[in-house]
Every structure is written in structure tokens, then in C-alpha cells.
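Colleague: Below are the sequence and a predicted model for it; my questions follow.
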Amino acid sequence: MSRSSRTNRFVAIGATLIASALALSGCSSDSSADSASSSDDAAGHTVEEIQSAGTVRLGVFTDKAPFGSVDSDGNYVGYDIEYGERIAKDLGVEIEWVPVDASARVEYLQSDKVDVILANFTVTDERAGQVDFADPYLQVSLGVASPVGSEITDESQLADANIIVVKGTTAETYVDENYPDANVTKYEQYTEATNALIDGRGDAWVTDNTEALAWTGSHDGFATGITKLGTPDTIAAAVQKGNSSLLAWLNDELVTLNDEGFFLQDYQDTLLPVYGDDVDPEDLLISNN
């Protein structure tokens, strides 16, 4: 082979190698762009994107009256539902109700199955590391429901009780931390927990005091013997981590709704018929002004 032929061959090989390197560099750049795009997507849908789509997906309970449940006609009803309907109205979009279990609330946001969780979501440090909470709209403590006649009225009684909790709740966390040796049965659904208490498969159901008071108030033979257990907490809407657009909108919406007395009206429409005079609305409602 002549020197000229060898030179041309090396030039061709070099050009091929450079082209390949450039192609790989281009792929790497595209991959980075895709990664950035995925990272943006991971922050959830912005307000503008939700409005453009015409629908907001709200994660709610279907078995936790009077906050979120489905009535005999198949309609979503409750305190959180009223709030969700107002959110959709002010966004100018339709609602897609997405039923969630307590233990799946974080996952539904992280996997982009919902835009907002309104399922009576108690704010905790652990959850705040996984999702972004808006400002709170309710305050809550844990409570204990038990049968009349063997009523749990003092926390010391829990040490020897068969305790019922719902998975993924602050009640589960509290019982695990404070009663590690107790006999605890955990359920996915609230209806499973209450059925277990009714059937005598447990001595006490530890849950939010708002839920305990509502349930025992509508079920003869049961009472909420402890109304404030542990440290008081707050309840807030939650969005996917990093979704600053929707988070800011929700916080602004809270101010607007508080200014017009929306939450007091929501309480009167959905909670007052259940609680009557047993609960002071001032003990639950939060002003974000």
C-alpha cells in the first residue's frame, strides 16, 4: 500500500472516530436533557398545565366520613370533598377524584397519580421530606375509641389492650413508638378497622380524634374515651415534592378562603351535623390570614 493510501486510510478512520465521539456526546447531551425533563416532570403538574389539561386529580378517602366518603348515590361527600370542589372551581377545571388508602398517599404523589392529596393528611417531618405540604387547614390530635362498658379512658390502659390502627397513619406511628410490645392489629382501610372494633377483635381503635368522635357519635355502644392523645398535629393538602407552582397557588387559595369564611361554612355543612355541641369548631379550624 502506498504512503498516500495509508494516509487517506488513517484520515478516514480518524474522521469516523471523531464522528462517533460527537454522536456519543450528542447522545449524552440528549440524555441530560431527558433527565432534566424527567426531573421537571417529577415535580408534578404546574397550575398552568392543570388548567391547560382542564382537570385536577385529587386524592381523597372514600371511607372516612365526615371528611371523605361516598354516599349511597355514589357521590363524594365530606369536609375534604367540599374543599376539593372549591379548589377545582377556582382553578377553572373539572375534578378527577382518585380514591387512596392512608398508606399510599405519599406514593400516589410521587408516582404522579394525583396532583393534590386531600385525604385528611396529617403533617409530619417524615412526610414533609417526601412531599410538599401547603399551609394547614385543620388541627387534630389522636383519640381512642372503645366499647362502652370496657371503655379506654386513660392512656395507661393501652399497654394491656388489643389495639387497632390503620396502616400509614400517625396513629400507627404513635402506637409503634410508644407501645412496641403491645398487641396491635393493622388494617389498610378505615372500614376494616371499625368492623374489627365492632366484632370485638380489638379493645381500642387509635385514630384521629376527629374521626373517633365522628364514628362513636354515630355508633351506639362505643365512645371516644380519650380525645387528646400525644402531641397535637395539623392537616394540610400536599403536592409532589418541588411543585412550587401548585404549592404557592394552594397557599394563596387558603388566604382567600379564610377571608370569606369558607372553612367555617364547610364545617357547618359537613362536620357540625356529626359533632353537634361535642366539638368546638375553634378547636379544629385554622386561620391562615
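Modeller: Received the coordinates, thanks. Residues are numbered from 1 along each chain as shown.
Colleague: ranges for the helices of this structure?
Modeller: 3-42, 47-53, 79-91, 105-110, 125-128, 170-178, 190-198, 209-217, 244-259, 262-266, 272-275 (DSSP state H).
Colleague: Surely residue 211 touches residue 67?
Modeller: Yes. Between residue 211 and residue 67 there is a contact under Cβ atoms under 8 Å: 7.5 Å. The C-beta positions use only the backbone N, C-alpha and C, and glycine is treated the same way.
Colleague: any residues in contact with both of those two?
Modeller: residue 120 (Cβ atoms under 8 Å, 6 or more residues apart in numbering).
Colleague: picking that back up, least reliable of the helices of the chain by average pLDDT, please.
Modeller: Among the helices of the chain, helix 3-42 carries the lowest mean pLDDT, a mean of 41.
Colleague: Tell me the pLDDT of residue 277.
Modeller: Residue 277 is assigned 87 on the pLDDT scale.
Colleague: That one: how many residues sit nearby?
Modeller: 6 (other Cβ atoms under 10 Å).
Colleague: mind checking how far it is from residue 217?
Modeller: Remark: distance between residue 277 and residue 217 (Cβ to Cβ, to the nearest Å) = 11 Å.
Colleague: and if you look at residue 126?
Modeller: Where residue 217 is concerned, residue 126 sits at a distance of 31 Å (Cβ to Cβ).
Colleague: When these two are compared, which one has more neighbours?
Modeller: When neighbours are counted by other Cβ under 10 Å, residue 126 and residue 217 differ, and residue 217 comes out ahead with 17 against 9.
Colleague: Is it correct that that one is in contact with residue 278?
Modeller: Yes. Under the criterion of Cβ under 8 Å, residue 217 makes contact with residue 278 at 6.7 Å.
Colleague: Show the contacting residues for the closest residue to residue 183 other than its chain neighbours.
Modeller: Using Cβ to Cβ, 6 or more residues apart in numbering and skipping the chain neighbours, the partner closest in space to residue 183 is residue 162 (4.9 Å). Contact partners of residue 162, counting by Cβ under 8 Å, 6+ apart, are 183-185, 201-204.
Colleague: mind redoing it with 6 Å?
Modeller: 183, 202-203 (Cβ atoms under 6 Å, 6 or more residues apart in numbering).
Colleague: Check the burial of residue 110 by counting its neighbours.
Modeller: When neighbours are counted by other Cβ under 10 Å, residue 110 comes out with 14.
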